[in-house]
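>>> build me a model:
(4 chains)
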2 protein chains.
Amino acid sequence: MYAQASAKIELPSYLPHQSPVPVFDGPATPVSFFTAGAEIYAQGEKAGALYQVEFGAVRIYRLLADGRRQISAFHLAGETFGFEADATHHFFAEAINATGVRVFRAPSGTDMSRQLLPLALKGLTRAQEHLLVLGRQNAIERVAAFLVEMSERQGGLRQVELPMSRNDIGDYLGLTIETVSRVFTRLKEKGVIRLLSLRSIEILKRDTLLAMGE
Amino acid sequence: MYAQASAKIELPSYLPHQSPVPVFDGPATPVSFFTAGAEIYAQGEKAGALYQVEFGAVRIYRLLADGRRQISAFHLAGETFGFEADATHHFFAEAINATGVRVFRAPSGTDMSRQLLPLALKGLTRAQEHLLVLGRQNAIERVAAFLVEMSERQGGLRQVELPMSRNDIGDYLGLTIETVSRVFTRLKEKGVIRLLSLRSIEILKRDTLLAMGE
DNA sequence: CGGCCGCTTGAGTAGTATCAATGTTCGTGG
DNA sequence: CCACGAACATTGATACTACTCAAGCGGCCG
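Okay, the predicted model is just below:
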């Protein structure tokens, strides 16, 4: 459907908060460009490569047979994804916006354990913390936790860029798009946040937000 | 509160389905015994050791300030846990029943990456799959997925031992104890499962259960 | 055998999903 | 640069699932 595009990519307005340091010492690999919605890899595909976001954002997700979707992670500029427990991808990866991804393929025989372990452990901790959000928090708490997380991942600034749609946020938080929208409205009414645009919010009461996200 | 007990441990009726192979080649370490409810480590404690379940079962969890609890994982005989992204434990670990745990401490300077990476990746995949359950499945689907998971981890047998209480199951699935109980009743009424005892079920219609758990 | 803890069952409610309509934004082409 | 259309987001009304509160049951241990 969507193919890789190598021309006419608009640069997003937000920049990497984490400098994209190569994952391992190897030959410089080219950057692949993906348009909004383009698939980077699919569940069931053969795995093996590592992917580092240069700019843009990526969603990692799984589907149920009836189409219900759970996004297990977003990856922003500087972050690495794509490692798997076996030779197969267990998830889908898609570009959310126009996105640049650097692909690394370790020469066969190379042991990447030392480089990969910290990334895997970081991901594991983040996933387990997200389990608490999905299992035990209500809609307001989930959205608050999400906004705090996005803020911290963007350097803790007041202004937070949300590269993803309300639909993506819902599928990340286990909520419907309508509920996400209503919570945003309530947070606005309470003066906790302000919407600069649909994809850009300003945090006015950080403490309140932190307390909500628990 | 609960201290390590070294005497009068009852052996549980279920056996390891996975032989407890030492995690790394090192001096044989003794087995620590924990009574039901005993803490193995706490959130905030200094991490560093690895733990392998010899017999019994362990729950890994986090708490919210108001006491809500999310169990992120159960570990059965043969499984290894306790590795962290940094030097601090981010979760609590408790024995569910009388449990034997072998503790490994790598000599300082040892690089365990090769051994740990597959474990971390396995845990990451399992956590991400659990996100789908918590985020997008209803009560019946969650319980069905749980029973299938427990069955598979015990060798795919018809009879499944549940070492944990309904409360633990609820906190793992993001449900209340009452809802878990009601779902068990419905599954019984539908002839999908049969309760041999509170902690032991027989799967009568595996296909139905698989379809429910998606 | 009695008491306690864990489990089950029931009634009522809160919170989120669903369905539906309206409003807004953004990208395209005139 | 503006107008249009499609996709995305918000708002409202209603339904339904799972939670809360409460009472009763049952197995297990002392």
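
>>> ranges for the strands of chain A?
A:31-34, A:39-41, A:50-55, A:57-63, A:69-76, A:80-81, A:92-95, A:99-104, A:159-161, A:193-197, A:200-203 (DSSP state E).

>>> tell me, please, where in chain A the pLDDT is lower than the cut-off.
A:1-28 (pLDDT under 70).

>>> how about the residues of it by DNA strand C?
For chain A, the contact set with DNA strand C under C-beta under 7 Å from any atom of the strand comprises A:138-140, A:174-176, A:178-179, A:197-199. The way it works is simple: take the backbone N, C-alpha and C, and place the C-beta from them, glycine included.

>>> can you pick the most crowded of those residues?
In terms of neighbour count, residue A:174 stands highest of the residues of chain A next to DNA strand C at 25 neighbours, by other C-beta atoms under 10 Å in any protein chain shown.

>>> what does that residue show for phi and psi?
Backbone torsions of residue A:174, given as degrees, to the nearest 10, read phi 70, psi 30.

>>> state the number of residues packed around residue A:70.
By other C-beta under 10 Å, neighbour count at residue A:70 equals 25.

>>> beta partners of it?
With DSSP bridges as the criterion, residue A:70 is bridged to residue A:62.

>>> and the residue nearest the centre of chain A, what does it touch?
A centroid search over chain A (C-alpha atoms, centre = their mean) returns residue A:74, at 1.1 Å, as the residue closest to the centre. By C-beta atoms under 8 Å, 6 or more residues apart in numbering or on different chains, the contact set of residue A:74 is A:57-60, A:96, A:163-164, A:168, A:172.

>>> ok, now which ones touch residue A:176?
Here residue A:176 is in contact with residue A:170 (criterion: C-beta under 8 Å, 6+ apart).

>>> cool, residue A:151 as well?
A:157-158, A:160, A:203, A:206.

>>> just the buried subset of the residues you listed, please.
Buried by 16 or more other C-beta atoms under 10 Å in any protein chain shown: A:160, A:203, out of the contacts of residue A:151.

>>> and which of the contacts of residue A:151 is nearest residue B:132?
Of all these, residue A:160 has the smallest distance to residue B:132: 26.1 Å, by C-beta to C-beta.

>>> ok, and the most crowded of the contacts of residue A:74?
That'd be residue A:172 among the contacts of residue A:74, by other C-beta under 10 Å, with 27 neighbours.

>>> from the contacts of residue A:151, which is closest to chain B?
residue A:206 (17.5 Å; C-beta to the nearest C-beta).

>>> contacting residues for the closest one?
Neighbour list for residue A:206: A:151, A:158 [criterion: C-beta under 8 Å, 6+ apart].

>>> now it: how far from DNA strand D?
Counting by C-beta to the nearest atom of the strand, to the nearest Å, the gap between residue A:206 and DNA strand D amounts to 20 Å.

>>> what residues sit buried inside stretch A:80-91?
Buried-residue list, stretch A:80-91, by 16+ other C-beta under 10 Å: A:80-85, A:89-91.

>>> anything in that stretch near chain B?
Yes. Judged by C-beta under 8 Å from any C-beta of the partner chain, stretch A:80-91 comes into contact with chain B through A:83-85, A:90-91.

>>> how about residues contacting that stretch?
Residues outside stretch A:80-91 that contact it (C-beta under 8 Å, 6+ apart): A:23, A:40-53, A:58, A:60-62, A:72-73, A:75, A:93, A:116, A:119-120, B:118, B:121-122, B:124-125, B:128-129.

>>> now the buried members of those.
A:23, A:40-41, A:47, A:50-53, A:58, A:60-62, A:72-73, A:75, A:93, A:116, A:119-120, B:121-122, B:124-125, B:128-129.
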